[in-house]
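# I need the structure of the sequence given here:
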Amino acid sequence: MMQIELTINGEKVKTACEPSDTLLYVLRNKLGLTGAKPGCLNGDCGACTVIIQGKPMKSCLTLAIEETQKEITTIEGLGGVPIQGAFVEHFAFQCGYCTPGFIMNAHALVQDQPEATDQIITEWLESNICRCTGYQEIKKAVKDVLSQIKRS
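Next up is the predicted model:
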């Protein structure tokens, strides 16, 4: 075991972990932040997506010890950003298991690509999988937020 310090949702937290512990494991099992979901555990589904240094990353593929000098944002740290409301407004979820990962990815998309085209939106959303619903509602939610950004 080793002691590490992570910056999560703007707060510095210390925890003990093994060098092989994934960020997903540390978030859920050591820190009680359960918004990032274990799905495939091999980087395919995106249910575990968090934002590291402004970029969406799959926390199941990320070692916690590699992220000690970086800003990590989880779904718990978003606090009512526009994409969350857009998901509700456009019914962009069904069972909800994949929703935190999609919201994290979509939030990073609208921050990084405020002029995103349909093709860019599609490419970004390909990193996440939903088994319950189509992606059209999710795309509508992203487009809604992008149009809000353009109007402001």
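# Now the residue most central in space within the chain: phi and psi?
Closest to where the C-alpha atoms of the chain average out (C-alpha atoms, centre = their mean) is residue 104, at 2.8 Å. Recorded main-chain torsions at residue 104 are phi -60, psi -40, according to degrees, to the nearest 10.
# Distance of it relative to residue 3?
As for residue 104, its distance to residue 3 is 27 Å (criterion: C-beta to C-beta, to the nearest Å). C-beta here means a position set from N, CA and C on the backbone, and glycine is covered the same way.
# One more: residue 80?
Summarising the geometry, the distance separating residue 80 from residue 3, computed by C-beta to C-beta, is 33 Å.
# With residue 44 instead?
When C-beta to C-beta is applied, the distance between residue 44 and residue 3 equals 32 Å.
# For these two, indicate the residue with more neighbours.
Taking other C-beta atoms under 10 Å, residue 44 and residue 3 do not tie; residue 44 has more neighbours (14 against 8).
# Let me see the contact set for the more buried one.
By C-beta atoms under 8 Å, 6 or more residues apart in numbering, the residues touching residue 44 are residue 129.
# where does it land in three-state SS?
Per DSSP: H, G, I helix; E, B strand; the rest coil, the secondary structure class of residue 44 is coil.
# now the residue nearest to the centre of the chain, nearest residue through space, not along the chain?
Taking C-beta to C-beta, 6 or more residues apart in numbering, and ignoring the residues beside it in sequence, residue 104 has residue 49 as its nearest neighbour in space, at 4.4 Å.
# Report the beta-bridge partners for that neighbour.
residue 58 (DSSP bridges).
# In this structure it contacts residue 36, no?
Yes: between residue 49 and residue 36 there is a contact at 7.0 Å, judged by C-beta atoms under 8 Å.
# any shared contact partners between these two?
Contact criterion C-beta under 8 Å, 6+ apart; residues shared by residue 49 and residue 36: 59, 100, 101, 104.
# Could I get the residues you listed in a markdown table, plus columns for pLDDT and distance to residue 134?
Compiled in a markdown table, the shared contacts of residue 49 and residue 36 are given as follows (pLDDT from 0 to 100; distance: C-beta to C-beta, whole Å):
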| residue | pLDDT | distance to residue 134 |
| --- | --- | --- |
| 59 | 98 | 26 |
| 100 | 97 | 19 |
| 101 | 97 | 17 |
| 104 | 98 | 20 |
